[in-house]
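S.K.: this is a predicted model, with the sequence first.
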Amino acid sequence: MKKYSFKILLVGTIVTLFTLTSCLNDLDKVPQDKDIVLADELFNDPASYKQVLAKLYAGLAISGQQGPAGLPDITGIDEGFSQYLRQYWLAQEVTTDEAVIGWADGSLPDYHEHDWNPSNEFVTALYNRILYQVTSCNAFLRETTPAKLADRGVTGQLLNDIELYRKEARFLRALSYYHALDLFGNFPFVTEEDEVGFFYPPQKTRTELFNYVESELLDIEGGLLAPKTNEYARADQAAAWTLLAKLYLNAEVYTGSPRYNDCITYSSKVINAGYGLEPSYQNLFLADNHTASGVIFPIAFDGLHTQTYGGTTFLIHAAVGGSMNPSDFGINGGWGGTRTTSSLVTLFDTGLDTNAANNAIGAAANWGLVGSATLNGWGGPDMSLYQTGTTNVFAGYFNLTDGEIKFRRDNDWAFNYGDNGADGTLESGGANIAVNAGLYKVTLDLNNLTYTIEKDPRAMFYSDGQTLAIESISTFTDGYAVTKFKNLDRNGNPGSDTSGNFTDTDFPLFRIADVYLMYAEATLRGGGGNEATAISYINQLRARANNFGSVSSIDLDFILDERARELFWEGHRRTDLIRFGKFSDGNYVWPWKGGVMEGTATPGYLDLFPIPASDLNANPNLSQNPGY
């Protein structure tokens with residue numbers, strides 16, 4: 001059980017906010033506006049201000065007013081699908097090379113096929129969910145103006161607390177408007193300044209939304225709490241700085257004008273705030289990841305108190321199928337839906353100059369690898385290992401093929417080791433060691449006659465019974481499964497929901513590794529950062545990944561690939577591919593992009609999602625995005 005009071009409060013306010021307000025109009029039939037009106041009676045209790053703020057944070061995590069199902073916030077789609085993070089993740093990941101989903105629910109296959117249209121119910125749900133979150137934030141801000149607080153006699157510490165709550169609500173609204181400008185470009189715009197009642201919201205251009213989000217974040221950053229001083233899962237200055245850095249990194253896409261220097265400025269603010277890297281990459285995605293280092297702003301989940309069929313409940317259950325054991329993920333069963341493509345898997349076999357990485361280990365040793373999986377086969381010469389800082393311990397990075405290897409000294413069969421029990425223990429003249437193709441770190445310890453053959457530990461894939469190639473997206477065993485998120489803590493204990501239905505694992509929306517990578521990219525794009533510093537940040541990430549090879553130089557292609565290796569399935573990939581010109585138009589394809597097995601280029605207008613037909617028909621102020 002998590003012991004953060006703010007997290008526990010989330011469910012306690014789900015019903016409170018909206019049963020004491022007017023109803024939100026059917027989001028599928030009328031233009032969205034500020035129809036949530038908070039009753040004055042709600043604020044007779046001073047504690048209600050924080051409870052309503054908790055509901056705003058919960059808007060990113062839950063789908064309705066009574067737990068996992070029953071009173072959805074938005075209609076027109078299954079409530080489980082309607083949850084904010086689930087919709088955002090589908091749009092950011094399933095449309096890319098990082099994810100496929102085998103379900104044929106409605107128009108869901110359109111995402112990976114790149115043939116969605118304004119009537120797609122998943123696009124509509126995403127749009128409506130963003131508007132609902134904005135509307136909720138507006139309602140809170142409208143009811144906490146200085147005039148209304150004065151009328152209620154609010155003074156002292158409570159008044160100071162509410163001023164902070166208001167800035168956090170503005171951050172959450174800016175976050176949703178950031179998602180809106182990234183996903184849809186031009187978007188209907190409302191704030192707390194608009195009067196309550198039915199009206200047709202005006203449409204802001206992408207540049208206007210960019211300017212608004214920037215101005216809001218700059219206005220509130222000084223009033224938010226200092227980094228790492230707020231309650232867990234609440235926004236602080238570092239969260240605002242990270243969002244500003246992301247806004248500036250993508251400014252050239254959003255507005256046509258680069259702002260990489262500003263990305264450097266705000267990335268540096270976050271980095272200098274003292275966030276450390278979690279020593280174990282896996283710990284960032286476990287049920288107790290609220291204790292992990294390096295998470296700047298999470299979306300919090302609790303298996304007992306924020307139950308939803310979206311969020312990490314979806315991410316974990318949907319990724320389990322085939323021969324996978326659900327108990328290994330802390331759940332009661334898999335939904336057999338999501339996997340990844342070969343394009344992501346093979347990225348973990350690239351990105352490292354093995355010669356430079358091996359020379360960084362130490363001097364070449366007289367021990368090496370021989371075998372059918374090596375460059376020169378069984379006839380040698382052997383691929384040299386390198387002397388580590390420990391006597392009789394050697395290591396090296398190798399691109400191996402499907403086949404077998406042994407360890408040999410001086411290219412001489414009189415001194416060779418194999419593994420008779422396939423247990424990591426060596427015997428003189430022992431059996432050949434089978435390996436699959438890939439990039440590996442191989443370590444030989446002659447002190448104990450043991451060895452390890454390791455991939456980048458961030459390559460969290462399940463391949464038993466799975467094929468790398470996807471012949472049919474609907475078949476779960478086509479494509480490697482992803483094992484990144486689990487509802488187990490670092491000691492192997494399952495989450496708090498003993499039924500195994502709902503998860504405790506939080507979603508790390510912003511973390512320091514992303515900021516390191518943003519700094520490096522903005523430096524390479526001319527933002528004025530220091531390239532040596534950027535390389536050091538990259539090598540800190542790779543050192544945390546079990547010292548899987550440092551790099552001495554970087555370029556933009558490397559950065560895009562390293563972002564995938566570090567951040568896959570965390571909701572970044574669509575935005576990244578668009579920024580690099582590889583999402584739609586261009587030569588980069590992946591399996592089943594465009595609806596064909598080998599992948600094909602798709603029209604450039606797909607870089608933006610369409611304004612849903614239902615809203616376009618209802619609001620005369622809206623214009624459709626080009627191409628639809």
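M.R.: Cool, got the structure. Numbers count the residues shown, from 1 in each chain.
S.K.: same question for the longest helix along the chain, mean pLDDT?
M.R.: In the chain, ranked by residue count with DSSP state H as the criterion, the top helix is helix 156-183. When pLDDT is averaged along helix 156-183, the result is 98.
S.K.: name the helices or strands packed onto the helix or strand following it?
M.R.: Where DSSP states H and E defines the elements, the next helix or strand beyond helix 156-183 is strand 187-188. Under the contact criterion of 3 or more CB pairs under 8 Å, 6 or more residues apart in numbering; DSSP states H and E, the helices and strands touching strand 187-188 comprise helix 156-183, strand 203-204. Heads up, the C-betas are built off the backbone N, CA and C, glycines and all.
S.K.: hmm, 10 Å instead?
M.R.: With contacts defined as 3 or more CB pairs under 10 Å, 6 or more residues apart in numbering; DSSP states H and E, strand 187-188 has these neighbours: helix 121-142, helix 156-183, strand 203-204, helix 206-220.
S.K.: I'd say Asn625 and Asn186 touch.
M.R.: Yes - A contact is recorded between Asn625 and Asn186 when judged using CB atoms under 10 Å, the distance being 6.6 Å.
S.K.: okay, and the common contacts of the two?
M.R.: With contacts taken as CB atoms under 10 Å, 6 or more residues apart in numbering, Asn625 and Asn186 have 206, 608, 611 as neighbours in common.
S.K.: how near is the residue lying closest to the first one once chain neighbours are set aside to Ile130?
M.R.: Going back to what we said before, that points to Arg206. Spatial nearest neighbour of Arg206, chain neighbours left out: Gly185 (4.3 Å); criterion: CB to CB, 6 or more residues apart in numbering. Taking CB to CB, to the nearest Å as the measure, Gly185 falls 13 Å from Ile130.
S.K.: looking at the two, which has the bigger crowd around it?
M.R.: Ile130 (24 against 21; other CB atoms under 10 Å).
S.K.: can I see the domain layout of the chain?
M.R.: Here the domain assignment for the chain is 1-223+587-628, 346-454, based on automatic domain parsing.
S.K.: tell me which of those is the most buried.
M.R.: For those, the largest average neighbour count (mean count of other CB atoms under 10 Å) is found in domain 1-223+587-628, namely a mean of 19.
S.K.: run the chain-centre distance for that one.
M.R.: If you compare the mean C-alpha spot of domain 1-223+587-628 with that of the full chain, they lie 18 Å apart, counting by CA atoms, centre = their mean, to the nearest Å.
S.K.: kindly report the same for stretch 377-384.
M.R.: Taking CA atoms, centre = their mean, the mean C-alpha location of stretch 377-384 is offset from the chain mean by 41 Å.
S.K.: contacts for that stretch, please.
M.R.: Among residues not part of stretch 377-384, those counted as contacts by CB under 10 Å, 6+ apart are 354, 358, 363-376, 394, 396, 398-401, 403-413, 416, 432, 442.
S.K.: OK, contacts around Ala239?
M.R.: Contacts of Ala239 by CB under 10 Å, 6+ apart are 168, 171-172, 175, 217, 221, 224-225, 227, 230, 270, 296-298, 509-510.
S.K.: out of these, which is nearest to Leu488?
M.R.: In terms of CB to CB, no member of those lies closer to Leu488 than Pro298, at 17.3 Å.
S.K.: verify the contact between the closest one and Thr291 for me.
M.R.: No - Pro298 is not in contact with Thr291 according to CB under 10 Å; the separation is 11.5 Å.
S.K.: save the helices and strands packed on strand 187-188 as TSV, and put in distance to Asp262 too.
M.R.: Rendered in TSV, the data for the helices and strands packed on strand 187-188 read as follows (distance: least, CB to CB, whole Å):
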stretch	distance to Asp262
helix 121-142	24
helix 156-183	15
strand 203-204	21
helix 206-220	9
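S.K.: quick one, which of the ones you listed gets closest to Asp557.
M.R.: With CB to CB as the criterion, Asp557 lies closest to helix 156-183 of the helices and strands packed on strand 187-188, at 22.5 Å.
S.K.: show me how far the helix or strand containing Tyr386 is from its chain's centre.
M.R.: Secondary structure from DSSP H and E places Tyr386 in strand 383-387. Averaged C-alpha coordinates place strand 383-387 at 37 Å from its chain's average position (CA atoms, centre = their mean).
S.K.: report the secondary structure state of Asp504.
M.R.: coil (DSSP: H, G, I helix; E, B strand; the rest coil).
S.K.: what's near enough to touch it?
M.R.: With contact taken as CB under 10 Å, 6+ apart, Asp504 is in contact with 1-2, 7, 286-290, 300-306, 312-313, 330, 487-489, 494-497.
S.K.: with Pro72 instead?
M.R.: 62-66, 78-83.
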